[in-house]
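Student: Structure, please.
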Amino acid sequence: MPKMKSHRGAAKRFKLTSGGLWKRSKANKSHKLAKKSSIRKRRLRQPGIVSLSEQKKLKRLLPYL
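Tutor: Numbers count the residues shown, from 1 in each chain. Next up is the predicted model:
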């Protein structure tokens, strides 16, 4: 049986933490930043954690990570 391929788009967007959770970047951070408050922009810099229901889908997309 051949090896499974990792989904390259998902591999670039998600990283696995040492505790086994998936880290992701937050949305709404790339343009129209003048109208967003500095507090909101600072919160968007922090990494987000993928929910447990979505982590099962990521396990299929990234089998070897």
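Student: now the spatially closest residue to Trp22 that is not a sequence neighbour: how far from Lys29?
Tutor: Distance criterion C-beta to C-beta, 6 or more residues apart in numbering; nearest residue to Trp22, sequence neighbours excluded, is Val50 at 3.9 Å. (Each C-beta comes from the backbone N, C-alpha and C, glycine too.) In this structure, Val50 lies at 17 Å from Lys29, with C-beta to C-beta, to the nearest Å as the measure.
Student: With Leu61 instead?
Tutor: Distance, Leu61 to Lys29, by C-beta to C-beta: 23 Å.
Student: Those two: who's more crowded?
Tutor: When Leu61 and Lys29 are compared for neighbours, Leu61 comes out ahead with 17 against 13, by other C-beta atoms under 10 Å.
Student: Contacts only, for that one.
Tutor: Shown in contact with Leu61 (C-beta atoms under 8 Å, 6 or more residues apart in numbering): 6-7, 10.
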